[in-house]
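Trainee: Need the 3D shape of this:
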Amino acid sequence: MIVYPAIDIRQGRVVRLLHGDPNQETVHGDDPVAVAERWQAAGAEWLHVINLDGALGEAALAVDTLKQIAALGLPVQFGGGLRSLDDAQRAIDAGAGRVILGTPVVRDPSLAGQAIRRWGADAVAVALDAKDGWVATHGWQKTSLWTPVNLGRRLAADGVRHALYTDVSRDGDLSGVNVGATAKLARETGLDVIASGGVASLDDIIALWQVGGIAGVVIGKALYEGKLSLQDAIRVASARP
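Mentor: Purely as a prediction, here's the structure:
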């Protein structure tokens with residue numbers, strides 16, 4: 001299970017939003033590259049970078065910042081505001097090792113298959129983020145008519161391998177990751193699911209590891225507020241039975 005430290009960027013700062021609400025923001029730094037270097041030094045295998053400006057429709061793709069972070073040498077999983085395959089191509093050209101597609105594939109699921117044929121299955125992840133049981137779009141400000149499982153099955157049939165699952169109701173509030181829903185999504189779709197939202201302590205990492213079948217976990221606020229260390233999270237996530 002891979003641990004992805006989260007770097008959410010808004011107006012050039014590293015921030016965390018509560019439940020995706022742009023009006024409930026906590027700033028954790030004003031230099032995203034320095035934060036990326038911090039997680040790299042702590043042993044990160046991947047970085048999870050989200051362009052909140054793009055996700056919320058407030059600004060364009062943060063290409064320059066992505067280039068600087070990618071230049072550090074760690075693979076970057078990048079999302080936020082990728083509204084088309086052209087946007088995703090720009091992110092890949094800027095150094096993203098994997099792009100996260102949300103809103104466009106919810107609107108047109110066939111785009112996921114097109115993306116995989118262009119870049120390969122390992123370079124594409126889909127966002128199956130749940131808000132009141134439905135897949136959320138447009139920076140979690142809207143909801144679709146898909147459930148995560150139904151859309152996940154549809155996308156898996158087109159060759160999608162990686163999926164990010166966030167329980168929006170838990171994101172940024174340290175209430176604990178939704179282990180049951182994450183495991184169900186992985187089990188019923190066959191996708192390599194990355195858990196996100198609500199990680200509060202090492203107990204969440206242990207619970208995800210114990211349930212089995214979870215490919216990764218994104219950790220944000222808990223790292224920034226010192227609720228757990230990245231080194232400990234990686235140690236637990238990489239343990240073997």
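
Trainee: Show the pLDDT at the spatially closest residue to His162 that is not a sequence neighbour.
Mentor: Spatially, and ignoring its direct neighbours in sequence, His162 is nearest to Ala125 (3.9 Å; Cβ to Cβ, 6 or more residues apart in numbering). Heads up, the C-betas are built off the backbone N, CA and C, glycines and all. For Ala125, the pLDDT comes out at 98.

Trainee: Name every strand pairing with the helix or strand Ala125 falls within and say which way it goes.
Mentor: Taking DSSP states H and E as the criterion, Ala125 maps to strand 124-127. Paired neighbours of strand 124-127 in the sheet (DSSP bridges): strand 98-101 (parallel), strand 162-166 (parallel).

Trainee: any idea how far Leu82 is from the residue nearest to His162?
Mentor: From Ala125 over to Leu82 the distance is 11 Å, taken as Cβ to Cβ, to the nearest Å.

Trainee: mind giving me TSV with the strands paired with strand 124-127 and columns for mean pLDDT?
Mentor: Shown next, in TSV, are those (pLDDT from 0 to 100):
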stretch	mean pLDDT
strand 98-101	96
strand 162-166	95
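
Trainee: will you turn those into JSON lines that also has distance to Lys131 and mean neighbour count?
Mentor: Below are those laid out as JSON lines (distance: least, Cβ to Cβ, whole Å; neighbours: other Cβ atoms under 10 Å):
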{"stretch": "strand 98-101", "distance to Lys131": "17", "mean neighbour count": "24"}
{"stretch": "strand 162-166", "distance to Lys131": "9", "mean neighbour count": "25"}
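
Trainee: Tabulate those (CSV), appending distance to Ala44.
Mentor: Output for those, formatted as CSV (distance: least, Cβ to Cβ, whole Å):
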stretch, distance to Ala44
strand 98-101, 14
strand 162-166, 17
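
Trainee: what element comes up after the helix or strand bottoming out on mean pLDDT in the chain heading to the C-terminus?
Mentor: The weakest-scoring helix or strand in the chain, judged by mean pLDDT, DSSP states H and E, is helix 52-55 (a mean of 69). Downstream of helix 52-55, the next assigned helix or strand under DSSP H and E is helix 63-70.
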